[in-house]
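S.K.: Quick one, what's the 3D model for this:
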Amino acid sequence: NALPGGAIQPISIDALDEISVNISPYDVRQANFTGAGINATTKKGTNQFRGNVYGFFRNQDLLGTRAVGTKIPTVTQSESRTIGAIFGGPIIKNKLFFSFSYDKLEREPVTPQAVFVPDAAGIAAIASIIARVKSQNYDPGSLSGPSTNLSEQETYIGKIDWNISRDHRLAVTYRRNYGQNTSFANYNSSTATSLSNHWFDQPRNTDSYTAQLNSQWTPDFRTEATVSMTDYDGTPANRGTPFPMVRVEGLSGRRLDTGATISSGAIIFGTENSRQLNRLTSKEKQVKLSGDYTFGDHTLTIGGEQITTDYSNAFVQNTMGNYTFASAATFLAGTPPTNFILQKPYPGFSINDAIDNWSYTALAGFVQDTWRPNPQLTIMAGMRFDMPVVDEAPPVAPGFATAGFVDSKGIPITRNNTTNDGNPTWAPRVGCTYEVESQRKTQVRGGFGLFQGRNPAVWLSNAFSNAGAVYNYTALPAERPLSTFNPNAATQSVPGTA
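M.R.: Just a heads-up that it's a prediction; the model follows:
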């Protein structure tokens, strides 16, 4: 799934004490989703030491071959291995408890195969290219394909539960998800393949800290306070050292899938052009406080929360240069490339000005009345108020005002630095639940309400990225003879400039 953390769910099923799926819950305390919310509670220690160890294995031999009477394609390779353990118990009986869980997944689907396979002449040409590049202090890797397509994730969860007194309980939780998979960039194109140091690893690492205090102040009044912090890092890790991306064409070989002869195949090496300046991190801090006061058949809920997220997102292509050569001979001879692409900053800017560093704060307040006129019927009605805060507007992009953009009503859009800062959402919610008297538990639920999901951070961050700070240079035919290959990723320049 797409959750930060990797290839599986962020919490192992064995580490869960309770899980619930709430479809359109009308409780105003629940937010940051649309349609349904999943609430999960991890296991906690008890007065007895308890633990378990588990393992799971599956490969292609354990997969079925038919589904509803229909034969499904055979999988040649698919292996998944999971191991884990959970252990908990008392530190001080009846007072202080601990719980720890560990889970590791290794998943190995089919290893990618090259489609374009160079012949003897092509392999000899590639060997000469590798030797030349190594003389320029860069190891481009090898032509041999990947030996594995392993993706993995490790999850650690530690939890402390403290019964401060009969009326106050504190739970502190730490969760770490470290996952990684490999992207074999440009390896299995129909007419091209890549050397191994052109590939990159894609980690998805999350560290999360949570503290929750539940207090019963009087028989009628109770509160819940939560403080959490989550750090996420999805920055790709290149296999090789920084180097321009290079495509050398004119190689001979064949297509492995069709057997067709290829006379214009290509080998690609160097830092993949979209990973030359690519970084994604976020740091989220959340504070939430709510209180419930019960009087008669009613429970009044009042609370608020603040979620502040700091983003750093760098996605600037071709900052180290992107060269194309017509043949191995032209590359080895130092002949100008047939194409050259480079992202460069405008005068007065640096490449770092194209990186978006910004913060988004979501403020919320809510009030709700829950009425139980009888043991079977529960009616709740409330209002939630959400206010986004964006402290800093995106930089104004030169030329945006005259680009001719219009909104859905045809009104010209002349600025690119507007945000949803200060644009509130009032979300009324009304819901009811009726417990039907029957042998099996049966509920009738209904209601209406307005729900708002989390902010689409990548979309919003695009307004902060490269707002007129850098430009994409592609050499024109008349400029290509002026271009020469520069193996230094840090000193690339447009022909005719420093």
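S.K.: show me what contacts residue 425?
M.R.: 385, 386, 387, 450, 452 (CB atoms under 8 Å, 6 or more residues apart in numbering). (Each C-beta comes from the backbone N, C-alpha and C, glycine too.)
S.K.: now the helices for this structure?
M.R.: Using DSSP state H, the helices of the chain run over 120-134, 328-333, 457-462.
S.K.: Determine the set of other helices and strands touching the last one.
M.R.: Secondary-structure packing of helix 457-462 (3 or more CB pairs under 8 Å, 6 or more residues apart in numbering; DSSP states H and E): strand 298-315, strand 356-374.
S.K.: I'd like to know which of those strands is closest to residue 396.
M.R.: Closest to residue 396 of the helices and strands packed on helix 457-462, according to CB to CB: strand 356-374, at 14.3 Å.
S.K.: Each with direction, which strands does the closest one pair with?
M.R.: strand 298-315 (antiparallel), strand 377-389 (antiparallel) (DSSP bridges).
S.K.: With distance to residue 264 added, can I get those in CSV?
M.R.: Putting these into CSV (distance: least, CB to CB, whole Å) gives the following:
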stretch, distance to residue 264
strand 298-315, 31
strand 377-389, 52
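S.K.: Mean neighbour count, distance to residue 483 and mean pLDDT for those - can I get that in TSV?
M.R.: Converted to TSV, those look like this (neighbours: other CB atoms under 10 Å; distance: least, CB to CB, whole Å; pLDDT from 0 to 100):
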stretch	mean neighbour count	distance to residue 483	mean pLDDT
strand 298-315	17	25	95
strand 377-389	18	46	95
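S.K.: Tell me which of those strands sits nearest to residue 399.
M.R.: strand 298-315 (20.8 Å).
S.K.: Widest-spaced pair of the contacts of residue 425?
M.R.: Distance extremes for these: the farthest pair is 387 and 450 at 14.5 Å, using CB to CB.
S.K.: Relative to the centre of this protein, find the outermost residue for me.
M.R.: No residue in the chain sits farther from the centre than residue 296, which is 46.8 Å out by CA atoms, centre = their mean.
S.K.: What pLDDT does the model give it?
M.R.: Predicted confidence (pLDDT) for residue 296: 94.
S.K.: hmm, back to that, let me know the closest of the contacts of residue 425 to residue 144.
M.R.: residue 452 (51.0 Å).
S.K.: Please name the residues that touch that closest one.
M.R.: 31, 32, 34, 386, 425, 427 are the contacts of residue 452 under CB under 8 Å, 6+ apart.
S.K.: buried ones in stretch 74-85?
M.R.: Along stretch 74-85, these residues count as buried under the neighbour rule (16 or more other CB atoms under 10 Å): 79, 80, 81, 82, 84, 85.
S.K.: now those residues in a markdown table, with pLDDT?
M.R.: Putting these into a markdown table (pLDDT from 0 to 100) gives the following:
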| residue | pLDDT |
| --- | --- |
| 79 | 88 |
| 80 | 90 |
| 81 | 92 |
| 82 | 92 |
| 84 | 94 |
| 85 | 95 |
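S.K.: Make JSON lines from those and add distance to residue 441 to it.
M.R.: What follows is the buried residues of stretch 74-85, written out as JSON lines (distance: CB to CB, whole Å):
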{"residue": "79", "distance to residue 441": "41"}
{"residue": "80", "distance to residue 441": "36"}
{"residue": "81", "distance to residue 441": "39"}
{"residue": "82", "distance to residue 441": "33"}
{"residue": "84", "distance to residue 441": "32"}
{"residue": "85", "distance to residue 441": "34"}
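S.K.: Most widely separated two among those residues?
M.R.: Pairwise over the buried residues of stretch 74-85, using CB to CB, the maximum falls at 79 and 85, 21.3 Å.
S.K.: In CSV, list the C-alpha atoms belonging to stretch 463-481.
M.R.: Only the C-alpha atoms of stretch 463-481 are listed here, as CSV (Å, rounded to 0.1, in the frame of the first residue of the first chain):
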residue,chain,number,x,y,z
ALA,A,463,3.4,25.4,-5.8
PHE,A,464,6.5,25.8,-3.7
SER,A,465,8.8,23.8,-6.0
ASN,A,466,10.8,25.6,-8.7
ALA,A,467,8.6,28.7,-8.9
GLY,A,468,10.7,30.3,-11.6
ALA,A,469,14.0,29.5,-9.9
VAL,A,470,15.5,27.1,-12.5
TYR,A,471,15.0,26.4,-16.1
ASN,A,472,15.3,23.3,-18.3
TYR,A,473,18.0,23.7,-21.0
THR,A,474,17.9,21.4,-24.0
ALA,A,475,20.6,22.0,-26.6
LEU,A,476,19.4,23.1,-30.0
PRO,A,477,20.8,21.5,-33.1
ALA,A,478,23.1,24.5,-33.7
GLU,A,479,24.3,24.3,-30.0
ARG,A,480,25.1,20.6,-29.9
PRO,A,481,28.5,20.9,-31.6
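S.K.: Please report the distance of residue 141 from residue 193.
M.R.: Counting by CB to CB, to the nearest Å, the gap from residue 141 to residue 193 is 12 Å.
S.K.: Quick check: pLDDT value at the residue lying closest to residue 74 once chain neighbours are set aside.
M.R.: Once flanking residues are discounted, residue 74 sits nearest to residue 65: 7.0 Å by CB to CB, 6 or more residues apart in numbering. Looking at residue 65, its pLDDT is 80.
S.K.: Looks like residue 65 contacts residue 71 (just checking).
M.R.: Yes: Residue 65 is within contact range of residue 71, at 6.3 Å (criterion: CB atoms under 8 Å).
S.K.: neighbour count winner among residue 141 and residue 193?
M.R.: More neighbours surround residue 193 than the other of residue 141 and residue 193, with 26 against 17 (other CB atoms under 10 Å).
S.K.: mind listing what that one touches?
M.R.: 114, 115, 116, 117, 118, 143, 186, 187, 265, 266, 267, 268.
S.K.: Counting only strands, which of these make the cut?
M.R.: In strands, judged by DSSP state E, the following of the contacts of residue 193 are found: 116, 117, 118, 265, 266, 267, 268.
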